[in-house]
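Visitor: here is a sequence together with a model predicted from it:
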Amino acid sequence: MRPLRILTWHVHGNYLYYLSQARAEFFLPVKPHRRNPYGGLGATFPFGPNVHEVPAEAVRDLDIDCVLFQSHQNYLEDQYEILSEAQQRLPRIMLEHDPPRESPTDTRHPVDDPNVLLVHVTHFNQLMWASGRTPTRVIEHGVFVPADVRYSGELERGIVVVNHLRRRGRRLGADVFAEARELVPLDLVGMGAEEVEGLGEIQPLELPAFESRYRFFFNPIRYTSLGLAVLEAMMIGMPVVGLATTEMVTVIQSGVSGYLDTNIENLIARMHELLCTPQEAHRLGEGARRLAQERFSIQRFARDWEKAFAHVAGGVGAVRVAAPSSEPAEAFS
């Protein structure tokens with residue numbers, strides 16, 4: 001039996017790379033301008049041979065088993081532009097990457113269809129969205145890092161990883177970061193980091209090695225999904241300090257894998273403690289690594305997605321074949 005053939009869009013590069021570790025064939029529509037969400041493979045990630053580009057105008061002639069929407073735009077606009085009417089009736093999954101913005105408790109999800117599976121990346125997101133009659137499930141993140149990268153923590157500074165922090169403001173914790181940086185040595189990396197005197201962008205595959213020398217990872221974000229950068233830091237054995245909000249409260253256990261609080265003064269005090277006690281930082285980092293390996297392994301993540309694809313696609317195709325994307329994963333653990 002052949003692997004399932006999934007049409008999806010390149011919306012979040014890191015997530016798509018991890019998703020491509022599932023046993024399936026993925027097809028990415030591209031347009032000449034190569035702008036999101038039609039950028040195709042791009043040059044950042046070493047996608048395996050199971051990920052293919054297809055011209056957007058040729059999608060309607062493509063033999064596919066399932067459509068995976070990764071943004072509201074994909075669902076509300078893109079599908080009607082590039083899919084045939086028959087393809088619009090295929091098994092469909094909506095992947096919701098974020099919690100609701102307008103109201104954290106009363107926002108109705110734009111997908112209102114009992115024939116679409118709505119997949120959330122955290123239980124917090126599933127809890128907060130009003131999904132109505134649309135069936136839902138949670139597939140928690142899965143990550144992997146280079147096998148030869150481990151936390152060392154000799155640099156007496158903290159690292160913060162947020163893209164476009166200035167533009168995204170309070171929701172992503174721009175003010176929290178600014179307050180903490182006045183009292184704690186912190187470096188910011190990410191797209192647009194230079195706008196707030198940060199170091200700039202570090203390529204995703206190079207980030208674990210770059211941040212491994214820092215004493216701790218600080219996550220100032222108030223309200224978003226669980227960041228992949230947090231989990232990648234944990235996977236190399238790095239302690240995490242952050243706000244006790246959203247899904248973070250189920251991931252970081254204070255005194256075991258890092259520290260969480262809603263009191264910024266308390267977090268600043270904890271960061272100073274870690275700067276003064278590297279042995280404690282290493283202990284917490286080992287706790288973070290154990291949890292990341294148990295809960296956020298790429299193998300579990302891939303299996304969960306394979307089950308979701310098989311569930312919606314019924315008896316079409318099969319996913320129990322040798323993973324064509326195994327080559328990239330072998331270089332990581």
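Guide: Yes, it's here. Residues are numbered from 1 along each chain as shown.
Visitor: doesn't Leu95 belong to a helix?
Guide: No. Counting by DSSP: H, G, I helix; E, B strand; the rest coil, Leu95 is not part of a helix but strand.
Visitor: give the bridge partners for it, please.
Guide: Val119 (DSSP bridges).
Visitor: how many neighbours does it have?
Guide: 24 (other CB atoms under 10 Å). From N, CA and C alone the C-beta is placed, and that goes for glycine too.
Visitor: swap in His33?
Guide: His33 - counted by other CB under 10 Å - has 8 other residues nearby.
Visitor: distance check, it against Gly285.
Guide: 43 Å (CB to CB, to the nearest Å).
Visitor: quick check on the closest residue to Asp61 other than its chain neighbours: phi, psi?
Guide: Leaving aside its sequence neighbours, Asp61 sits nearest to Ser84 (CB to CB, 6 or more residues apart in numbering; 7.9 Å). Dihedral pair for Ser84: phi -80, psi 170, per degrees, to the nearest 10.
Visitor: you'd agree Ser84 is up against Leu62?
Guide: No. With contact defined as CB atoms under 8 Å, Ser84 does not reach Leu62; the gap is 9.1 Å.
Visitor: of those two, who's got more company?
Guide: Neighbours of Ser84 and Leu62, each counted by other CB under 10 Å, are more numerous for Leu62; the result is 17 against 12.
Visitor: which residues touch that one?
Guide: 5, 7, 27, 54, 87 (CB atoms under 8 Å, 6 or more residues apart in numbering).
Visitor: for Gly39, same thing?
Guide: Residues near Gly39 by CB under 8 Å, 6+ apart: 10, 30.
Visitor: likewise for Val51?
Guide: 20, 26, 28, 41, 325.
Visitor: please name the bridge partners of it.
Guide: Where Val51 sits in a bridge, its partners, by DSSP bridges, are Phe26.
Visitor: which of the contacts of Leu62 fall within strands?
Guide: Mapping those onto strands (DSSP state E) picks out 5, 7, 27, 54.
Visitor: isn't the third one right next to His52, touching?
Guide: Right, Phe27. Yes. Judged on CB under 8 Å, Phe27 makes contact with His52 at a distance of 5.1 Å.
Visitor: so between the two, which is more surrounded?
Guide: Remark: of Phe27 and His52, Phe27 carries more neighbours, 21 against 14, as counted by other CB under 10 Å.
Visitor: run a quick neighbour tally on the residue lying closest to Glu154 once chain neighbours are set aside.
Guide: Leaving aside its chain neighbours, Glu154 sits nearest to Arg213 (5.8 Å; criterion: CB to CB, 6+ apart). Counted by other CB under 10 Å, the residues lying close to Arg213 total 13.
Visitor: measure Arg213 to Gln79 for me?
Guide: 45 Å.
Visitor: nearest spatial neighbour of Pro55, skipping sequence neighbours?
Guide: Pro55 sits nearest to Val30 (CB to CB, 6+ apart), 6.2 Å away.
Visitor: now do the contacts for that neighbour.
Guide: Val30 neighbours (CB under 8 Å, 6+ apart): 38-40, 53-56.
Visitor: would CSV of the contacts of Leu62 with distance to Val160 and pLDDT be doable?
Guide: Below are the contacts of Leu62 laid out as CSV (distance: CB to CB, whole Å; pLDDT from 0 to 100):
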residue, distance to Val160, pLDDT
Arg5, 40, 98
Leu7, 36, 98
Phe27, 36, 98
Val54, 38, 98
Gln87, 42, 97
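Visitor: what's the nearest residue to Asp98 once chain neighbours are set aside in contact with, if anything?
Guide: Of all residues not flanking Asp98 in the chain, Ser225 sits nearest, at 5.6 Å (CB to CB, 6+ apart). Taking CB under 8 Å, 6+ apart as the criterion, Ser225 is in contact with 97-99, 121-122, 124-125, 246-247.
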